[in-house]
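Student: Make a model of this:
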Amino acid sequence: MKDCNRTASDKHLKGDARRDYMSQCLRNDGGNELTAQQQRMKTCNQRASNKDLKGDKRQDFMSECLSADKDDRRTSAAGGRR
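Tutor: As a prediction, the model looks like this:
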């Protein structure tokens, strides 16, 4: 938060521009790179949007998509075995 505030002040951002910058900065933990969880969420969200899913169907898809990512990581970490 301090780093984001300092950078926003250094850039002389005010009003909506500052709010937008702070929101983006805090989402990215002050950096430009997305965390692994943020990237998974972004990817699943894009896939759900591409399929034009809404409501319960979107929620179910997101749950499955995010769980599948976790299962894939566990399988990879276990050397391909569950």
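Student: per the record, what domains does the protein have?
Tutor: As given by automatic domain parsing, the domain ranges for the chain are 1-33, 36-77.
Student: okay if I get these as a markdown table plus mean neighbour count and mean pLDDT?
Tutor: No exception for glycine: its C-beta is placed from N, CA and C like everyone else's. Below are the domains of the chain laid out as a markdown table (neighbours: other Cβ atoms under 10 Å; pLDDT from 0 to 100):
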| stretch | mean neighbour count | mean pLDDT |
| --- | --- | --- |
| domain 1-33 | 12 | 83 |
| domain 36-77 | 12 | 82 |
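Student: Please enumerate the helices of the protein.
Tutor: 2-10, 15-27, 36-50, 55-77 (DSSP state H).
Student: Give the other helices and strands that the second one contacts.
Tutor: Same thing as helix 15-27. Contact analysis of helix 15-27 by 3 or more Cβ pairs under 8 Å, 6 or more residues apart in numbering; DSSP states H and E lists helix 2-10 as its packing neighbours.
Student: and the angle for the helix it packs on with helix 15-27?
Tutor: Between helix 2-10 and helix 15-27, the angle comes out at 150 degrees (axes from the mean of the first three to the mean of the last three Cα atoms, to 10 degrees).
Student: Can you tell me the centre-most residue of the chain?
Tutor: Centre of the chain computed as the mean C-alpha position; nearest residue by Cα atoms, centre = their mean is Q38, 2.3 Å away.
Student: I appreciate the help and will end here.
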